[in-house]
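In: here's my sequence, what's the structure:
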Amino acid sequence: MAVGVIQSKVRSFFRPSSQKRRRPSNTSAECETKKPKNQSTPTLHNGGGAALDLQLTSPLFQNLPIEIRKMIYGLVWLGSYDNKYHLPGGRHFHFKDGHWTNTRCVMYEDDEDLDLVQKNMDTVHNSGKGDLMMWQKRLSSTWGTRHWRCEERLQYPRQTSIDRTNFMSTMLVCKRMFPEVMESILESHQFLFNDFFSAHRFFVYNPSPYISHVRHLDLSLNLTFHEYAPFIVDGPKSRIRELWEALGEISCLHSLRISLDIYDRGPWRKIPERPVTAQLKNLNVLRDFTLELPPTLPIKAHAPNMQNLDTEEETPFKIVRRPSLRYWQFTPGEVERFTWETHTKGNQSHCFITLSREARYIPNPYLVDFF
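Out: Residues are numbered from 1 along each chain as shown. Model (predicted):
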């Protein structure tokens with residue numbers, strides 16, 4: 001059955017009965033009991049605010065249980081673009097210019113390959129045909145290598161019909177239906193956050209009372225080094241800790257993917273994995289729990305508490321490591337290919353960058369400064 005036909009049938013539940021009114025043809029109609037003029041529809045007052053109409057005559061609420069109503073709401077969310085992308089119910093949420101916006105996730109199945117961008121850079125580098133700067137921009141994106149297509153849609157003119165939803169029109173039908181609609185939206189879609197500010201505002205700073213109904217969540221948190229600093233110096237306050245505590249209040253998460261990275265250290269990607277992920281072990285995720293981390297390179301760092309997670313340690317999440325970077329823009333306007341060389345002395349090892357075309361020293365930022 002076509003989506004348009006389904007939605008037309010669904011709308012019939014929201015329309016009042018349209019029985020044709022007939023004028024009484026005999027005097028017996030005068031004896032019928034009439035509804036008193038001062039009798040009103042049952043309402044519920046909440047704290048002196050606007051009255052809530054209980055909609056007792058509505059076939060949607062009178063004849064259908066809540067389980068069937070939520071199935072109907074699920075049909076309302078169906079769209080013609082759902083099956084064209086890898087995550088049919090994936091929606092990117094951003095807080096920008098004082099309001100929330102959401103756009104469809106347009107990643108493909110091939111984008112699950114965390115080395116896809118650099119494989120394309122290999123092709124351009126070996127053939128000499130293509131734009132390495134364009135791929136470098138995608139490689140260094142704070143959205144991560146899985147969602148670079150979604151980010152580029154926001155930067156250039158795009159087809160807005162792909163992002164269109166029935167969220168607002170359905171929420172405005174009536175006050176009694178509003179809570180059910182909000183719960184259905186949160187339960188039926190995968191929420192994707194690609195900036196820490198929006199994720200922190202959504203779950204910590206100004207959370208919705210329906211936040212516990214989130215079922216599928218994807219967080220790509222590419223942060224600056226100072227956001228990780230409280231875990232290095234054992235600081236009591238951290239916005240990351242606040243976010244983990246808020247996620248701990250969601251008791252029915254079905255799937256959770258968290259990607260942690262650092263973007264202000266160039267290709268040197270190292271974070272305090274053990275202290276940062278300690279709270280994540282207490283989260284209650286019913287099905288799929290994936291933690292994406294930087295590669296396990298022996299990057300030397302003077303800062304304490306910079307240990308990587310032990311691969312043999314039992315954790316409630318699956319650990320996925322990103323491949324080592326092999327391309328970067330060390331000088332403006334030029335993307336260079338490099339390799340990681342490891343030097344071992346005694347029981348200690350550390351790595352350094354070797355450029356393919358020339359011998360030039362690339363300093364390790366973790367040794368140059370602390371913060």
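In: CA only for contacts and neighbour counts going forward, please
Out: Noted.
In: count of neighbours near Leu253?
Out: Leu253: 23 surrounding residues under other Cα atoms under 10 Å.
In: ok, it to Asp288 distance?
Out: 9 Å (Cα to Cα, to the nearest Å).
In: for Glu358, same thing?
Out: For Glu358, the distance to Asp288 - Cα to Cα - is 45 Å.
In: higher neighbour count, the two?
Out: Asp288 (14 against 8).
In: doesn't His254 make contact with that one?
Out: Yes - counting by Cα atoms under 8 Å, Asp288 touches His254, with 6.7 Å between them.
In: middle-most residue in the chain, spatially?
Out: Leu192 (1.1 Å; Cα atoms, centre = their mean).
In: so what strands line up beside the helix or strand containing it?
Out: Per DSSP states H and E: Leu192 is located in strand 190-193. Strand 190-193 pairs in its sheet with strand 90-96 (parallel), strand 216-223 (parallel), by DSSP bridges.
In: okay, buried residues for the last one please.
Out: If I follow you right, that is strand 216-223. His216, Leu217, Asp218, Leu219, Ser220, Leu221, Asn222, Leu223 (16 or more other Cα atoms under 10 Å).
In: I'd like those residues laid out as JSON lines, including distance to Tyr210.
Out: Output for the buried residues of strand 216-223, formatted as JSON lines (distance: Cα to Cα, whole Å):
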{"residue": "His216", "distance to Tyr210": "14"}
{"residue": "Leu217", "distance to Tyr210": "15"}
{"residue": "Asp218", "distance to Tyr210": "18"}
{"residue": "Leu219", "distance to Tyr210": "19"}
{"residue": "Ser220", "distance to Tyr210": "22"}
{"residue": "Leu221", "distance to Tyr210": "23"}
{"residue": "Asn222", "distance to Tyr210": "27"}
{"residue": "Leu223", "distance to Tyr210": "27"}
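In: burial measure for His92, as a count.
Out: Residues near His92, counting by other Cα under 10 Å: 20.
In: can you tell me which residues contact it?
Out: Listed by Cα atoms under 8 Å, 6 or more residues apart in numbering, the contact set of His92 reads Asn102, Thr103, Arg104, Cys105, Phe191, Leu192, Phe193, Asn194.
In: bridged to it, which residues?
Out: Thr103, Leu192.
In: and if you look at Val285?
Out: Residues in beta-bridge contact with Val285 (DSSP bridges): Leu253.
In: ok, Phe352 next?
Out: Under the criterion used (DSSP bridges), Phe352 bridges to Glu341.
In: what sits against it?
Out: Ile299, Trp340, Glu341, Thr342, His343, Ile362, Asn364.
In: looking at those residues, which is nearest Asn83?
Out: Trp340 (40.5 Å; Cα to Cα).
In: number of nearby residues for that closest one?
Out: Trp340 has 16 nearby residues by other Cα under 10 Å.
In: how near is Gly128 to Leu355?
Out: 18 Å.
In: neighbour-wise, which of these two wins?
Out: Leu355 (16 against 10).
In: what distance do you get for the more buried one to Phe225?
Out: 25 Å.
In: kindly report the same for Lys96.
Out: 23 Å.
In: so those two - more neighbours on which side?
Out: Using other Cα under 10 Å as the criterion, Lys96 and Phe225 rank with Phe225 on top: 17 against 10.
In: that one touches Asp261, doesn't it?
Out: No - applying Cα under 8 Å, one finds Phe225 not in contact with Asp261, separated by 9.5 Å.
In: highest neighbour count among the contacts of His92?
Out: Cys105 (26 neighbours).
In: and that residue, what's its pLDDT?
Out: Note on Cys105: pLDDT of 93.
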